[in-house]
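**Student:** After the sequence you'll find the predicted model.
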Amino acid sequence: MKCIKRRSNTIILVPYPAQGHVTPMLMLASAFLTHGFNPVLVTPDYIHRQIVPKLESKDKIQCIPIPDGLDKDAPRDFFTIEKAMENTMPVHLEKLVHQLDEDGGVVCIVIDLLASWAIDVANRCGIPAAGFWPAMLATYRLIGAIPEMVRTGFISDAGFPKQSGGTCFLPNQPMLSSEELPWLIGTPPARTARFRFWTRTLERSESLQWLLVNSFPNEYGLDDKQSQHQHIDLHQLVKTTLKIRPQAFPIGPLSKLIGTKNPSFWEEDTSCLGWLDKQQDNTVIYISFGSWVSPIGETKVKSLALALEALGKPFIWVLGPSWREGLPIGYLERVARTGKIVSWSPQMDVLKHKAVGCYLTHCGWNSTMEAIQCHKRLLCYPVAGDQFVNCGYIVNLWRIGVRLGGFGVKDVEEGLKRVMEEDEMGNRLRKLCERTMGDEANNRAVSNLKTFTGQLKMTTVGDL
């Protein structure tokens, strides 16, 4: 007689080791808790030490560290982390999976696609694997179009655009300069290495059964009618028959679905909240360029600092100690009455504050969703990766922000004027928030996650 053995309820989650990836993975772990699963978050030792003391006991998320093989004080940039993920972490994850799955205890391994090394581990262990994409599905589609871009001659085999100033389209997506492709960061050798990272990720992703996306359906426009009126130059489309091979489940934005505060890698300076209480409503510029890529360089830090000083408008600027070298001598003292500079902020609390009028951002996906949730207009200065795609949606399709061309006084002044004085921008923000985070959107996200978990519960692991 053939019997189906069901796995128990443990789900292993493997994030890419960076704040913007660990945060949504923790939110996903919280979602799995509500569906009756036992989530186990696996991170390198140094991240484990940073987040575990800050997790609330009620979260009941099990966290297990694995070694990354790097010295304690070694810099952890993109390439050192990649080396650790490829050469050191797989053997430790595989050992952990076997320990947790001694009696068929692991139902699935959910893997951030930027940590695609773990897909091979799941396959070797015979555990079903689901991909997790912490950003827009649109960005994944752009990465997925790499083979077509190479085939049509838009980019070389090493990922370099074959013509300067070219434009890249995918159906129903905003225009993207050929120099804004996600892997074009740093020196030519660094760009080539990042491109190989993505092609390897695509190859590994072909074996996935499911893809969980921290976004929402119909990312394109505010509604179907608006989408029809957007201008698309069909002659310049990257013609592609791209299909997402795994079954995609839009389950986001997780920040609204879960509604929990997740631990920061860094100590938050909460004094900025008291400072905000003393400011007039809708007057403060909040500035943050994220936590991963060194944001804008010393020259631009100085330029922005001088522009803020000249304009005399109140601001909160998240600027780590290592990035303050670009500030002019005596700057902190001169702007003490109008400005507040902190190493790290409680961002959601800041964005919710009624004194904050707009957000000068790098357009990271988590920051974008938080701004929409808090109804904050955006001044956009994308730096790298998916930020250019996000910016295209914010400025050209959703029209809830303005892109800055630079940090001169005139650039910042004109950007602020445009973003703060357009009444319809506020209305569009409210509509977009409702469409992406209202009751109907939440129900859709919950339903998608329920469908995925239902399929997991029906997964078989062998015959008895």
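**Tutor:** Nice, I can see it.
**Student:** where does this structure have its least confident helix or strand?
**Tutor:** helix 224-229 (a mean of 38; mean pLDDT, DSSP states H and E).
**Student:** mind showing which ranges of this structure have poor pLDDT?
**Tutor:** For the chain, applying pLDDT under 70 flags the ranges 1-7, 57-59, 103-104, 166, 168-171, 220-245, 256-262, 291-295, 459-464.
**Student:** Which residue ranges make up the domains of it?
**Tutor:** Here the domain parsing of the chain from automatic domain parsing is 4-262+439-463, 271-433.
**Student:** With mean neighbour count as extra columns, can I get the ones you listed in CSV?
**Tutor:** C-beta coordinates here come from the backbone N, C-alpha and C atoms, glycine included. Shown next, in CSV, are the domains of the chain (neighbours: other CB atoms under 10 Å):
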stretch, mean neighbour count
domain 4-262+439-463, 18
domain 271-433, 19
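**Student:** Walking through the stretch 351-464 of the chain, point out its helices one by one.
**Tutor:** Counting by DSSP state H, counting those that start in this stretch, one finds helices in the stretch 351-464 of the chain at the ranges 365-373, 387-392, 409-421, 423-437, 439-457.
**Student:** Nearest to M175, out of these?
**Tutor:** In terms of CB to CB, the element of the helices of the stretch 351-464 of the chain nearest to M175 is helix 387-392, at 6.8 Å.
**Student:** Now the nearest residue to G36 once chain neighbours are set aside, what are its backbone angles?
**Tutor:** Using CB to CB, 6 or more residues apart in numbering and skipping residues adjacent in sequence, the residue nearest G36 is N9, 6.2 Å away. Per-residue torsions, N9: phi -110, psi 20 (degrees, to the nearest 10).
**Student:** Might you report the residue contacts of N9?
**Tutor:** 36-38, 107 (CB atoms under 8 Å, 6 or more residues apart in numbering).
**Student:** G312 - nearest residue in space that isn't next to it in sequence?
**Tutor:** Per CB to CB, 6+ apart, closest to G312 is T338, 5.9 Å.
**Student:** The one you found and L114, how far apart?
**Tutor:** 39 Å (CB to CB, to the nearest Å).
**Student:** my read: W317 touches I287, true?
**Tutor:** Yes: counting by CB atoms under 8 Å, I287 is a contact partner of W317 at 4.3 Å.
**Student:** Spit out the residues that contact these two alike.
**Tutor:** Taking CB under 8 Å, 6+ apart as the criterion, W317 and I287 do not both touch any residue.
**Student:** So which residue is smack in the middle of this protein?
**Tutor:** Note on the chain: the residue nearest the mean C-alpha position is W365, at 4.1 Å, using CA atoms, centre = their mean.
**Student:** list the contacts for the nearest residue to S156 once chain neighbours are set aside?
**Tutor:** Take S156 and drop its neighbours on the chain: the residue closest to it by CB to CB, 6+ apart is K162, 6.0 Å away. Taking CB under 8 Å, 6+ apart as the criterion, K162 is in contact with 153-156.
**Student:** List the contacts of the closest residue to Q279 other than its chain neighbours.
**Tutor:** The shortest distance from Q279 to any non-neighbouring residue, by CB to CB, 6+ apart, is to A355 (4.1 Å). Neighbouring residues of A355 by CB under 8 Å, 6+ apart: 276-277, 279-284, 314.
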